[in-house]
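Asks: predicted model and sequence below, questions to follow.
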Amino acid sequence: MKPTLLFSRFLLLLIALSVLQTPAWAKSPQINDVRLWTAPDHSRLVFDLNRTIEYRIFRLHKPERVVLDLYGVKLRTTHLKKLVSSDPVIKAIRHGKPEDGVLRIVLDVEEAVKPRSFLLKPMHGKPHRLVVDLMRSGSDVAEERVVTADQMRSKKEIVIAIDAGHGGEDPGAIGKSGLQEKVVTLAVAKELAKTINARKGMRAVLIREGDYFVPLKKRVLLARRSRADLMISIHADAVRNRGVKGASVYTLSERGATPDKVAKALAARENAADAVGGFVSSEIDDPMVNMILGDMAKRDSLNSAYLLAETIIKDFGEVGPVKYDVPKRARFAVLGALEMPSVLVELDFISNPSRERMLRSSTHQKRMARALLNASLTFLKRQGHLKQTAVNMLQHQYSSAHQVDGLKCLNHSERLVISYSAGERQRELLPLI
Ligand SMILES: [Zn+2]
């Protein structure tokens, strides 16, 4: 072969390779898919992109519209037309080309919504995304009132906050036959809410009511606002080994605690929900989110959560396999409302095909919800005499808005210890953290 021919072949090979490996920024931008999620306070449109883009967003009035101009972007999906269905705000979605190189998407809306938008980089298997939120009036979290001490005093019913993990953009773990964690968690959460609401003097608060994403900090905020007596966050686990099965229950551990590798890895996965679901840090600016408890109160709360977790494990053993027969601890962001005992329940392993079938079964979902209710009742009965002191503690907390003085909660702590030692067996107390 002549050297020149060899060289030209080499050149051709180089060109072929460079075409195959075109960097993301060099590709012409396009929308590959679009989804719409309807939350109680906003509607969220998510555009899947092949690379980052330039765009602008603005409102037009009479009639109300939100307009997106995307520069040099091609629309490679037909899903846009199919989106508008039961969304209470978006009436229609249209698109056109007002000028060369501009893709315009017009959202006809029912009311004057506040648009908010941001770009997300690829992560956890998701591509570049453009997120457009249409915030309904009165949806600003900072606008809502902080609970007053008087309101606390008037609270008579028992409230249980139920947090269905994941939602919207974030499906959570996905089983072999396609069952999504967010679907199971919501089904069990709703079932549990139904059984709670059927009982006199009890009320359930669903942190997530439908298929939309709720950032972890907002879940904590909603739990706090609900002034619940306890919170249960519902999830389903997944691992590579499809044989692994069983429920597990987690409580919060704080910095300085001995790390449990498995629990730590799980917490990291669950805490990644914000990145997958699409969260802007400025979204929640509410002092209630960052309220902290004094050391004594915190220790009491973690002890109570541990007791609740133990009770749930016991009742879950009646309805299915249990992975760990003692609660585990890790730093789960969603368990941040420390003034109420909060636990995170992994119902089972969705990665195990036979357990996935069970998780899909509405009969089994009902059984799991019933186990969660029974455990909550057992726990509340045991804690019953603590109720008033717990309320006092909260009153102090809400009136000082940001911080609770641990010393003021000393009585609460002592009683808790006494009640535990008077129980069937001495309970392990957490070290001060
Ligand atoms: Zn989860």
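Replies: That came through, no problem.
Asks: ok, residue 376 - how many residues close by?
Replies: 26 (other Cβ atoms under 10 Å). All C-beta spots, glycine's among them, are computed from the backbone N, C-alpha and C.
Asks: isn't it right up against residue 204?
Replies: No - the criterion here is Cβ atoms under 8 Å, and residue 376 misses it with residue 204 at 10.1 Å.
Asks: what sits in contact with each of these two?
Replies: Residues touching both residue 376 and residue 204 (Cβ atoms under 8 Å, 6 or more residues apart in numbering): 160, 196.
Asks: host element of the closest residue to residue 249 other than its chain neighbours?
Replies: Closest residue to residue 249 apart from its sequence neighbours, by Cβ to Cβ, 6 or more residues apart in numbering: residue 309 at 4.2 Å. Element membership for residue 309, per DSSP states H and E: helix 295-316.
Asks: next one: that helix to chain centre, how far?
Replies: Relative to the chain's own centre, helix 295-316 is displaced by 21 Å; criterion: Cα atoms, centre = their mean, to the nearest Å.
Asks: got the buried residues for that helix?
Replies: Residues 296-316 are the ones in helix 295-316 that count as buried (16 or more other Cβ atoms under 10 Å).
Asks: try stretch 192-200
Replies: 192-193, 195-196.
Asks: which of those residues lies closest to the ion?
Replies: Among the buried residues of stretch 192-200, residue 192 lies closest to the ion (Cβ to the ion), at 16.2 Å.
Asks: need the phi and psi values for the closest one.
Replies: Taking degrees, to the nearest 10, you get phi -60, psi -40 for the backbone angles of residue 192.
Asks: which residues touch the residue of the stretch 251-400 of the chain found nearest the ion?
Replies: As assessed by Cβ to the ion, the ion sits closest to residue 270 within the stretch 251-400 of the chain, at 4.8 Å. With contacts defined as Cβ under 8 Å, 6+ apart, the neighbours of residue 270 are 165, 235, 332-334, 344.
Asks: any idea which helix or strand carries residue 119?
Replies: Going by DSSP H and E, residue 119 is in strand 114-120.
Asks: oh, I was asking about residue 374
Replies: Using DSSP H and E, residue 374 falls in helix 362-383.
Asks: can you point out the buried residues in that helix?
Replies: Under 16+ other Cβ under 10 Å, the buried positions of helix 362-383 are 364-380, 382-383.
Asks: what do you get for stretch 321-337?
Replies: Buried residues in stretch 321-337, counted by 16+ other Cβ under 10 Å: 322-324, 327-337.
Asks: stretch 160-179: which residues count as buried?
Replies: 160-175, 179.
Asks: quick check: mean pLDDT across that stretch?
Replies: Stretch 160-179 shows a mean pLDDT of 96.
Asks: do you have the strands of the stretch 51-200 of the chain handy? List them.
Replies: In the stretch 51-200 of the chain, the strands defined using DSSP state E, counting those that start in this stretch lie at 55-60, 65-71, 74-75, 90-96, 102-109, 114-120, 128-135, 158-164.
Asks: residues contacting the third one, please?
Replies: Translated: strand 74-75. 28-31, 95, 103.
Asks: close to the ion, is stretch 158-175?
Replies: Yes - under the criterion of Cβ under 5 Å from the ion, the ion is reached by stretch 158-175 at 165, 172.
Asks: how far off centre is that stretch?
Replies: Centroid separation for stretch 158-175 versus its chain: 6 Å, with Cα atoms, centre = their mean.
Asks: send me it as CSV with only the CA atoms.
Replies: Taking Å, rounded to 0.1, in the frame of the first residue of the first chain, the C-alpha atoms of stretch 158-175 are listed here in CSV:
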residue,chain,number,x,y,z
ILE,A,158,-53.6,12.3,67.0
VAL,A,159,-52.0,13.2,63.7
ILE,A,160,-49.8,10.9,61.7
ALA,A,161,-47.7,12.3,58.9
ILE,A,162,-47.2,9.8,56.0
ASP,A,163,-44.5,10.5,53.5
ALA,A,164,-44.7,8.5,50.3
GLY,A,165,-41.1,8.4,49.0
HIS,A,166,-40.1,9.8,45.6
GLY,A,167,-42.6,10.9,43.0
GLY,A,168,-42.8,12.8,39.7
GLU,A,169,-39.5,12.9,37.9
ASP,A,170,-38.0,10.7,40.6
PRO,A,171,-39.4,7.1,40.2
GLY,A,172,-37.2,5.7,43.0
ALA,A,173,-36.0,2.1,42.6
ILE,A,174,-37.5,0.1,39.7
GLY,A,175,-38.3,-3.6,39.8
